[in-house]
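[1] generate coordinates for the sequence data below:
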Amino acid sequence: MDRKFIRECINVVAHGGNSASVLVVSTDEDRQSFNSEVFRFSDIEVPPAQIFQIDDWISSMWASPAGTYFLAGVLGDCFTNLSGSFARQSATTNRLFRIWGLHDQAVYAVGANGTCIRFNGATWQPMSEGLSGHLYAISGRQEDDLVCAGDGGFVATYDGARWQQIELPTNAAFRAVHMIAREDLYLCGLDGACYRLRGGQLISIDAGGHDFYAIEDFQGETYFASAASGVFKIKDDRLVLVKDKAKGYSLSASEKFLWSCGLEQTARFDGTSWRKVDFN
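    Sure, this is the predicted structure:
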């Protein structure tokens, strides 16, 4: 009997104009075989072009302002087309869950057992001292102003020299962190975990018990994404539903559009209406 494969959109990255790229991962029901592909849309109304494919489990994707792609593999390898074509790079022996960066010489990946590594334009270097637990999110404004988050309510900030954990009165399983300004950030995760951490004060946001995986700014508002429940935005101290059928493991915005992806779907919002594409 033929094996059934499940196809999921894991990451989306908005580019300039109407363009975006989507990481799509296919796996069998037993999660023994994996195939990962990156597709690039010139516009959501035009079928996307496949630009990368590998029989491996890619967990996360980021593209730099210069247009360079960086991919993190669950088993610790990373991939980039910095030299022109995609190449595999041995980065760590630990699992990687999220990759993100500032530019081609400052790319970060986080993962299991407090792992954080940095790509400096040539090699991957460890920068895990002071971190612990499984880390699923990293963000920041500049190289001496970073934040990461993960399981057990773990949050830490980086000042250019070292990581410093912020002790919080929660054991939330964080899956996304979004820095607004220095000492001001949003955190969200599983089972309705949603907070604003401002000046050391943790402010609870009513998220209705949903699981959230991504946070992004678009046209002056902040959006939160749930793969099962849709895309929300913050209003006062609560999240309000914007689109229940827009699935969200990932959000990314350009000046013109907010892109989301999750499960088999990629969608685009122009501030008024939504359009979607299914990968099935």
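[2] tell me where the stretch 1-150 of the chain has strands.
    With strands called from DSSP state E, counting those that start in this stretch, the stretch 1-150 of the chain shows them at 5-14, 20-28, 34-41, 49-54, 58-63, 69-73, 77-80, 87-90, 96-103, 106-111, 116-119, 124-126, 135-142, 145-150.
[3] what's the closest of these to Leu202?
    Leu202 sits nearest to strand 145-150 of all the strands of the stretch 1-150 of the chain, at 12.5 Å, using Cβ to Cβ. C-betas here are computed from N, CA, C, even on glycine.
[4] closest to Gly248 out of the strands of the stretch 1-150 of the chain?
    When these are compared by Cβ to Cβ, strand 5-14 sits nearest Gly248, at 9.2 Å.
[5] buried set for that closest one?
    8-14 (16 or more other Cβ atoms under 10 Å).
[6] and for stretch 81-96?
    By neighbour count on 16+ other Cβ under 10 Å, the buried set for stretch 81-96 is 81-82, 86, 89, 91-92, 94-96.
[7] could you pull up the residues touching Gly67?
    Residues in contact with Gly67 (Cβ atoms under 8 Å, 6 or more residues apart in numbering) are His15.
[8] do the one 5 residues further on as well
    Applying Cβ under 8 Å, 6+ apart, we find Ala72 in contact with 58-61, 78, 91, 96-99, 109, 111.
[9] how about 10 Å then?
    Ala72 makes contacts with 11, 58-62, 78-79, 91-92, 95-100, 107-111, 117, as judged by Cβ atoms under 10 Å, 6 or more residues apart in numbering.
[10] buried subset of these as a PyMOL selection?
    Only the buried members of the contacts of Ala72 enter the following PyMOL selection, criterion being 16+ other Cβ under 10 Å:
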select buried, resi 11+58+59+60+61+62+78+79+91+92+95+96+97+98+99+100+107+108+109+110+111+117
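[11] quick one: low-confidence ranges for this structure?
    The model of the chain has pLDDT under 70 over residues 1-3.
[12] can you rerun that using 50?
    The model of the chain has pLDDT under 50 over residues 1.
[13] rewinding a little: any chance of the buried residues of stretch 81-96 in JSON lines, plus distance to Trp274?
    Converted to JSON lines, the buried residues of stretch 81-96 look like this (distance: Cβ to Cβ, whole Å):
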{"residue": "Asn81", "distance to Trp274": "30"}
{"residue": "Leu82", "distance to Trp274": "34"}
{"residue": "Phe86", "distance to Trp274": "31"}
{"residue": "Gln89", "distance to Trp274": "37"}
{"residue": "Ala91", "distance to Trp274": "36"}
{"residue": "Thr92", "distance to Trp274": "38"}
{"residue": "Asn94", "distance to Trp274": "37"}
{"residue": "Arg95", "distance to Trp274": "34"}
{"residue": "Leu96", "distance to Trp274": "31"}
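[14] sort out for me which of these are in helices.
    If you go by DSSP state H, the buried residues of stretch 81-96 have nothing in helices.
[15] and of those, the nearest to Ile138?
    Using Cβ to Cβ, Leu96 comes nearest to Ile138 of the buried residues of stretch 81-96, at 10.9 Å.
[16] can you pull the contacts of that closest one?
    Contacts for Leu96 (Cβ under 10 Å, 6+ apart) come out as 58-60, 71-78, 109-112, 115-117, 135.
[17] please convert the buried residues of strand 5-14 to JSON lines, extending it with distance to Gly150.
    Shown next, in JSON lines, are these (distance: Cβ to Cβ, whole Å):
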{"residue": "Glu8", "distance to Gly150": "21"}
{"residue": "Cys9", "distance to Gly150": "22"}
{"residue": "Ile10", "distance to Gly150": "18"}
{"residue": "Asn11", "distance to Gly150": "18"}
{"residue": "Val12", "distance to Gly150": "22"}
{"residue": "Val13", "distance to Gly150": "22"}
{"residue": "Ala14", "distance to Gly150": "25"}
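[18] those: which two are farthest apart?
    Between any two of the buried residues of strand 5-14, the greatest separation by Cβ to Cβ is 19.1 Å, found for Glu8 and Ala14.
[19] right, I'll leave it there.
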